[in-house]
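[1] please find the sequence and the predicted model below.
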Amino acid sequence: MIVYLILAATLLFSLWSLVILWNTRTKPLSGCWLKLLLATGSASVMYLYGAWVFLSVYGRYVFAACFLLLFIFSLVHKKSATQVNRIRNSSNIVSGLFAVAFWLLIILYFTGTAGKPYGVADLALPFKRGTYFVFQGGEGLPTNIFHYGGRRTLYAMDIIKLNSAGNRAKHIFSDRLEDYEIFNDTIYSPCAGVIARTESTNPDNVPPARKRGPTNLNMVLIETSSEWVFLGHLKQGGVFVKKGAIVIPGQPLGLAGNSGASLEPHLHIQAHAKTSRDAPWYQQPQLLMKFDGRSYLLFEEIPVR
């Protein structure tokens with residue numbers, strides 16, 4: 001199961017970062033600065049990209065605290081540079097390459113590869129209360145890798161909900177839809193507009209089953225004066241609005257589900273500029289989304305009070 005592999009990789013790379021840092025504690029700074037750069041880069045990548053949510057998002061804060069304490073400990077206990085051991089050139093090169101790769105991933109986490117977006121859609125959060133979490137999102141690769149090759153879904157976001165323990169579900173991976181915190185959660189309109197299309201008859205997938213294609217996806221499409229806003233993976237029979245209805249921000253649209261190309265319950269949302277009446281909405285320029293004036297990145301928490 002890919003979930004367990006991703007979680008295992010997160011834990012192993014985090015442990016690797018701590019081991020590298022621990023091994024520098026008795027070496028002079030001049031002889032281990034590259035290892036420190038490697039350790040901090042690896043730890044930062046695990047903090048930003050690590051799949052802590054499969055256990056608890058609080059795990060990354062514990063990891064960060066442990067790394068910081070160990071970093072301070074290693075600096076305090078470093079020996080003077082009276083005798084610096086030689087570092088093999090091959091080891092030096094490998095450490096340098098890994099360090100460059102990690103720090104590049106850190107930069108791309110905040111910048112992405114998509115360049116300047118066509119425009120920005122200013123939306124309201126489609127939730128009322130709870131702590132939500134960006135499961136997929138960002139401005140291109142590598143943070144939005146699963147949306148990158150889709151139908152102009154470069155800036156699309158997948159959002160889940162966290163329980164009080166910082167978990168998205170009762171288990172690491174459950175085959176019960178009710179175990180997922182966001183399942184059955186009410187989704188509210190993020191903007192004012194007219195309902196252009198709805199679907200609500202498609203069954204919800206039971207994880208890890210997944211059915212692909214727009215014909216088995218429950219969704220709501222909102223048309224505004226300048227934008228299209230799409231919300232997908234809604235629950236079967238859980239769409240409250242009909243085509244042609246006028247909606248306002250904060251109006252209930254439906255319930256979160258697991259229909260369409262979805263491995264587990266979440267809300268998929270994307271926005272497009274309305275530039276042509278002839279082209280389908282999903283072929284028109286996609287917009288970067290801001291919610292209540294703020295944009296969110298991969299694995300960021302969204303507290304809604």
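    Now that the structure is in, tell me what you want to look at. If you're wondering where the values come from, they're calculated on a predicted model, not measured in any experiment.
[2] how far off centre is stretch 232-242?
    How far stretch 232-242 lies from its chain's middle: 23 Å, per Cα atoms, centre = their mean, to the nearest Å.
[3] show the contacting residues for residue 137.
    Residue 137 sits next to 143-144, 156-159, 296-298, 300 when contact means Cβ atoms under 8 Å, 6 or more residues apart in numbering. (Each C-beta comes from the backbone N, C-alpha and C, glycine too.)
[4] from those, which ones fall inside helices?
    Taking DSSP state H, every one of these sits outside helices.
[5] max pairwise distance over those: which two?
    Taking Cβ to Cβ as the measure, the contacts of residue 137 span a maximum distance of 15.2 Å, between 156 and 300.
[6] residues in contact with residue 215?
    Contacts for residue 215 (Cβ under 8 Å, 6+ apart) come out as residue 202.
[7] state the pLDDT value of it.
    The confidence metric pLDDT takes the value 72 at residue 215.
[8] and what about it, helix, strand or coil?
    helix (DSSP: H, G, I helix; E, B strand; the rest coil).
[9] how close does it get to residue 170?
    The spacing between residue 215 and residue 170, counted by Cβ to Cβ, to the nearest Å, is 31 Å.
[10] ditto for residue 28
    Here residue 28 is placed at a distance of 49 Å from residue 170 (Cβ to Cβ).
[11] those two - which one has more neighbours?
    Set side by side, residue 28 and residue 170 show more neighbours around residue 28, with 16 against 13, by other Cβ atoms under 10 Å.
[12] now do the phi/psi pair for the more buried one.
    phi -60, psi 150 (degrees, to the nearest 10).
[13] likewise residue 273?
    phi -70, psi 140.
[14] beta partners for it?
    Beta-bridge pairing for residue 273 (DSSP bridges): residue 227.
[15] so how many other residues sit close to it?
    Neighbour number of residue 273 under other Cβ under 10 Å is 18.
[16] same question for the one 4 residues further on.
    In terms of burial, residue 277 registers 5 neighbours under the definition other Cβ under 10 Å.
[17] what about it, which SS state?
    Secondary structure, three-state DSSP: residue 277 is coil.
[18] pLDDT wise, what is it at?
    pLDDT at residue 277 comes out at 88.
[19] that one and residue 271: what is the separation?
    18 Å.
[20] and residue 230, by the same measure?
    As judged by Cβ to Cβ, residue 230 and residue 271 stand 7 Å apart.
[21] what about these two, which has more around it?
    Legend: neighbour count by other Cβ under 10 Å for residue 230 and residue 271, higher for residue 271 (28 against 19).
[22] how about low-confidence regions in the stretch 51-200 of the chain?
    The stretch 51-200 of the chain contains residues with pLDDT under 70 at 78-90, 151.
[23] just the strands from it, written as ranges.
    120-123, 130-136, 157-162, 186-188, 193-199 (DSSP state E, counting those that start in this stretch).
[24] now the next helix or strand along the chain from the last one against strand 193-199, angle please.
    Looking back up the chat, that one is strand 193-199. Downstream of strand 193-199, the next assigned helix or strand under DSSP states H and E is strand 219-223. Counting by axes from the mean of the first three to the mean of the last three Cα atoms, to 10 degrees, strand 219-223 lies at 150 degrees to strand 193-199.
[25] next one: strand 219-223 to chain centre, how far?
    The answer for strand 219-223 is 23 Å, by Cα atoms, centre = their mean.
[26] parallel or antiparallel, list what pairs with that strand.
    strand 193-199 (antiparallel), strand 227-232 (antiparallel).
[27] wait, residue 186 sits on residue 250?
    No. Counting by Cβ atoms under 8 Å, residue 186 does not reach residue 250; the two are 10.7 Å apart.
[28] hang on, the earlier thing: now which of the contacts of residue 137 would you call buried?
    Applying a neighbour-count criterion of 16 or more other Cβ atoms under 10 Å, the buried members of the contacts of residue 137 are 143-144, 156-159, 296-298.
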